[in-house]
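In: here is my input; please provide its structure:
(2 chains)
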Amino acid sequence: MSSALQEQPHEEVAESKSGYAVIAPGHTFASVTDKIASIVLRKRTPFGWFIGVAIGFMIVQMLMLALTWLLLRGTGIWGINVPVGWGFAIINFVWWIGIGHAGTLISAILLLFRQDWRTSINRFAEAMTLFAVACAGIFPLMHTGRPWLAYWMFPYPNTMGLWPQFRSPLIWDVFAVSTYASVSAMFWFVGLIPDLATFRDRAKNRFVRMIYGLGAMGWRGSARHWHRYETAYLILAGLSTPLVLSVHTIVSFDFAVSIVPGWHATIFPPYFVAGAIYAGFAMVLTLLIPIRKFYGLEDFITMRHIHNCAKVMLATGLIVFYGYVMEAFFGWYSANTYERYMIYNRMTGPYAFVYWLLIMCNGVVPQLLWSYRVRENLLALFGIAMVVNVGMWLERFVIVVTSLHRDYLPSSWGNYMPTIWDWATFVGTIGLFITLIFVFLRLLPMISIFEVRTLLPEAQVREETMPTTTTVAPAPAAGD
Amino acid sequence: MSEVHTHAAHTAADFAAPPELGRLQLLAIIAAVVGLALTAVGALLDHEQFFHSYLVGYVFWVGVSAGCLALLMVQHLAGGAWGVVIRRVLESASSPLMMVLLLLLFIPVVLGAHDLYEWTHAEAVRTNEILKWKAPYLNLPFFIGRTILYFAIWGALAYFLNVWSNRQDEDVAHGYIYERRMRTLSGPGIVLFALTVTFASVDWVMALDPEWYSTIFGILFMGGWGLSALAFVIAVSVFLSGRRPMHDVLAPAHFHDLGKLLLAFVMLWAYFSFSQLLIIWSGNLPEEIPWYLRRYSGGWQVLSIALIVLHFMLPFLLLLSRDLKRNARLLGAVALFVIVMRVVDVFWLIAPEAHHREASYVGHLDPLAVLFGAAAVIGIGGVWFWLFVWGLRKRPLMPLGDPLLEKALHHGQHHH
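Out: Numbering: from 1, shown residues only, chains lettered A, B, ... in the order given. As a prediction, this is how the structure comes out:
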């Protein structure tokens, strides 16, 4: 871990290949702090914020209604039935969990790879991860039918003689997702501590000062604090890194360890992980582009960040597209009747339009990102990101529904149609996500203040002044 | 990017290849003669075994070349000091001439297609519904045509990347123009690479058992070939770092970066391999599981376990150490060990398929198979390595016109 800290000062910290800096010139330590803190510690909340949170909160009411009705009536109100027993609940679960992955990649892997452009978007992306995981968690929990008994899935000694089936990937999921949620939350909180202390020190109102002071846990910014902080942060980054791969790998096992044609495919683990990062970066762009404009954060979230997010999207999108090509080729090459029929049915069956829409959204449209000019155009990028958001949802729909609805025996075939309650729950979680994002923007620094300060030229330690053997980077340079 | 190039001071003579490379070429000739002679003996004893052994050597060395081509394109896309110092090694290992050589070395595979691939037998295709279905893809003319296409694509990519790199050396002041060209080609190049490697892996290796399939196979090969190439590059860099001029260039920081990449590739290989194993094991389907069952008995299980322990666990644990990664000799030793395990992996993928269609097949790991497999790897490797060193000696060991040259030369100079 210390190897990541042991890094050289970057000669051209502010320069990228495309010429954009990671932070606009002319900023000082004070101006960075003022700008980011003023979004939260201000007298008047902008009107637009009230509109946004009101829309989100209204949709949350729909979620509440849908979930209450579900608890009263049971999962029969959803469109699931034999043969499609996994409908929206799984589709939405995988979609939300996937979206979360961008946050973990940005915060953990890019930290270890010393990518300085992560610094101004990691806080925001991590928040997005947590909220996405929260939305994801609702679905499998509710899908159990009796969510109040969900703790039965944990292996604990009990008088019922109940023990989880450890060969089932659904149980692996319980551990993968709960680990993911807790490590992500911890990583996010630890990263927040120095900034919470800044807020505590800046707040005028005594009550506000107390609240942020509680979160700051007595942070005084001493050398010892920084030393411990850096160590803890890197350990958490190390713990989070395998999670980027493992969580969605296990989600893919939910499908792949079965023998259902369309699910049982060895390519699923890497293809799901790439899809998760793809969806995550699409969501990052979907949110960043309007928020950066609304709050005037172009100095911190520069075109460099936008370009890089778009490039990651292009690369992971190509891997996902490769996955579709492989599924189609091996569907034919397998020479297995059921595999062949599965891919034929996807392309020509009752859900063919969903399949081709998916190829359009995830495979064709994102190829525009090859163009530098498209990556420069925020409106176009926002559009492409939205298309990918939809495309990734369609992908899960295709995988879940088309693989199940026509299996080995034509007599047991059936179709799947989501009900109004399926839609209300799905859209409701989007409302929950929007609400949480708005509350986050209002209450916490959406950009890491102290880390962005390290991007400034005056924070750079020159080579001549570097001691020959350092074990800890000069605080607060968190391995940027 | 600054237009003023301060490193114009460097000349080709500063980075001329050390004379010791000539000795390596002599060694390569000896290896080629001994290896190929032993392989020829194998051909007289048992021609089916011979062709499988030959395929092991062939696929391994194609993997090093193709992997180097991919790493070359990745370093053009991603930039960074780690890429500049190994660029010449990557270019020489994936030169257009190398692609021609590898295409010529494919001829024995075509000659042995009848011994290697059941689907080349008209009789078998007639009586087997699966082979009949696959005949539009698995037939000899298309098979040969596809291989020519793969090498045409790899050769074309290698040609432009090498030619532009040469021009960059000659026209240092405009190095960034060629760098931009190489970057522009590398994006689509990587896409083509992924597709060609995938279908090459299906054609050459998966089709040995024409009833078996696994959708991750192409990715498994990309990861495996990338690992072979990276281990090879590290081994060569360690050799070069012991002599001038690279002695003055390669610092612990370079090896540290390369070591981290090696660790990442070791983990990726393990991740892909484990994914395939777990999914096929849990499915336990009659059309998939025999492939693993063959590698689960008759001595092959020793290799299977060796792959887990020695191809993954040992290098993984060793490469976690920061001191090891910064120590050129130790890292070089690990890289050589990884190369050996890469050969074992390719052998494990190919060799168990020999004779498995025969009624008398008992599936033993034959010591002769090991011997002739090793002979083929060494024999083909000798020829391959000779051409590699020949290419490396022709040019300065550092790309003189690379805009990142200066940064690469000073990468981590203060961290000895």
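
In: helices or strands next to the one helix or strand A:Ser38 maps to in the packing?
Out: Applying DSSP states H and E as the criterion places A:Ser38 in helix A:29-40. On a contact count with 3 or more CB pairs under 8 Å, 6 or more residues apart in numbering or on different chains; DSSP states H and E, helix A:29-40 meets helix A:169-202, helix A:420-443, helix A:449-453. Placement of C-beta: from N, CA and C, glycine included.

In: quick one: closest of those helices to chain B.
Out: Of all the helices and strands packed on helix A:29-40, helix A:169-202 sits nearest to chain B, with 8.6 Å by CB to the nearest CB.

In: quick one, that closest one and helix A:29-40 angle?
Out: Compare the direction of helix A:169-202 with that of helix A:29-40 by axes from the mean of the first three to the mean of the last three CA atoms, to 10 degrees and you get 110 degrees.

In: mind listing what's buried in helix A:169-202?
Out: Buried residues in helix A:169-202, counted by 16 or more other CB atoms under 10 Å in any protein chain shown: A:169, A:171-177, A:180-181, A:183-184, A:187-188, A:191-200, A:202.

In: cool, and stretch A:311-320?
Out: A:Lys311, A:Val312, A:Met313, A:Leu314, A:Ala315, A:Thr316, A:Gly317, A:Leu318, A:Ile319, A:Val320.

In: mind telling me which of the helices and strands packed on helix A:29-40 the model trusts least?
Out: Here those differ in mean pLDDT, and the lowest is helix A:449-453 at a mean of 87.

In: how about that one as CSV, C-alpha atoms only?
Out: In CSV, the C-alpha atoms belonging to helix A:449-453 read as follows (Å, rounded to 0.1, in the frame of the first residue of the first chain):
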residue,chain,number,x,y,z
ILE,A,449,-11.9,20.5,-0.6
PHE,A,450,-8.6,19.4,0.9
GLU,A,451,-7.8,17.0,-1.9
VAL,A,452,-8.5,19.6,-4.6
ARG,A,453,-6.1,22.0,-2.7
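
In: with distance to B:Val125 added, can I get the helices and strands packed on helix A:29-40 in TSV?
Out: Shown next, in TSV, are the helices and strands packed on helix A:29-40 (distance: least, CB to CB, whole Å):
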stretch	distance to B:Val125
helix A:169-202	38
helix A:420-443	49
helix A:449-453	63
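
In: where does the prediction get shaky in the chain?
Out: No chain was given, so I picked chain A. Low-confidence segments of chain A, defined by pLDDT under 70: A:1-19, A:461-480.

In: wrong one, I was asking about chain B
Out: Those would be B:1-9, B:80, B:355-363, B:412-416, if you go by pLDDT under 70 across chain B.

In: show me the residue at the heart of it, geometrically.
Out: The centroid of chain B falls nearest to B:Val64 when counting by CA atoms, centre = their mean (2.0 Å).

In: what's the helix or strand for it?
Out: Short version, using DSSP H and E: B:Val64 is in helix B:47-78.

In: buried residues, that helix. List them.
Out: Of the residues in helix B:47-78, those buried (16+ other CB under 10 Å) are B:49-77.

In: try stretch B:141-161
Out: Within stretch B:141-161, judged by 16+ other CB under 10 Å, the buried ones are B:143-144, B:146-147, B:150-151, B:153-155, B:157-158, B:160-161.

In: check the offset of stretch A:386-405 from the chain's centre.
Out: Centroid separation between stretch A:386-405 and its chain, computed with CA atoms, centre = their mean, to the nearest Å, is 17 Å.

In: neighbours of the residue nearest to B:Ile216 when sequence neighbours are not counted, how many?
Out: Spatial nearest neighbour of B:Ile216, excluding adjacent residues (CB to CB, 6 or more residues apart in numbering or on different chains): A:Thr266 at 3.9 Å. Residues lying near A:Thr266 (other CB atoms under 10 Å in any protein chain shown) number 26.

In: by contact count, what packs against the strand or helix carrying B:Leu38?
Out: Per DSSP H and E: B:Leu38 is located in helix B:20-45. Packing partners of helix B:20-45 (3+ CB pairs under 8 Å, 6+ apart): helix B:47-78, helix B:367-394.

In: picking up where we left off before, out of the buried residues of stretch A:311-320, which sit inside strands?
Out: Within the buried residues of stretch A:311-320, no residue falls in strands by DSSP state E.

In: output those as TSV; include the columns distance to chain B.
Out: Output for the buried residues of stretch A:311-320, formatted as TSV (distance: CB to the nearest CB, whole Å):
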residue	distance to chain B
A:Lys311	9
A:Val312	12
A:Met313	14
A:Leu314	9
A:Ala315	9
A:Thr316	13
A:Gly317	11
A:Leu318	6
A:Ile319	8
A:Val320	12
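
In: turn these into JSON lines, columns for distance to A:Ala132.
Out: What follows is these, written out as JSON lines (distance: CB to CB, whole Å):
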{"residue": "A:Lys311", "distance to A:Ala132": "22"}
{"residue": "A:Val312", "distance to A:Ala132": "17"}
{"residue": "A:Met313", "distance to A:Ala132": "17"}
{"residue": "A:Leu314", "distance to A:Ala132": "22"}
{"residue": "A:Ala315", "distance to A:Ala132": "21"}
{"residue": "A:Thr316", "distance to A:Ala132": "16"}
{"residue": "A:Gly317", "distance to A:Ala132": "19"}
{"residue": "A:Leu318", "distance to A:Ala132": "23"}
{"residue": "A:Ile319", "distance to A:Ala132": "21"}
{"residue": "A:Val320", "distance to A:Ala132": "18"}
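
In: before I go, just wanted to say thanks for your time.
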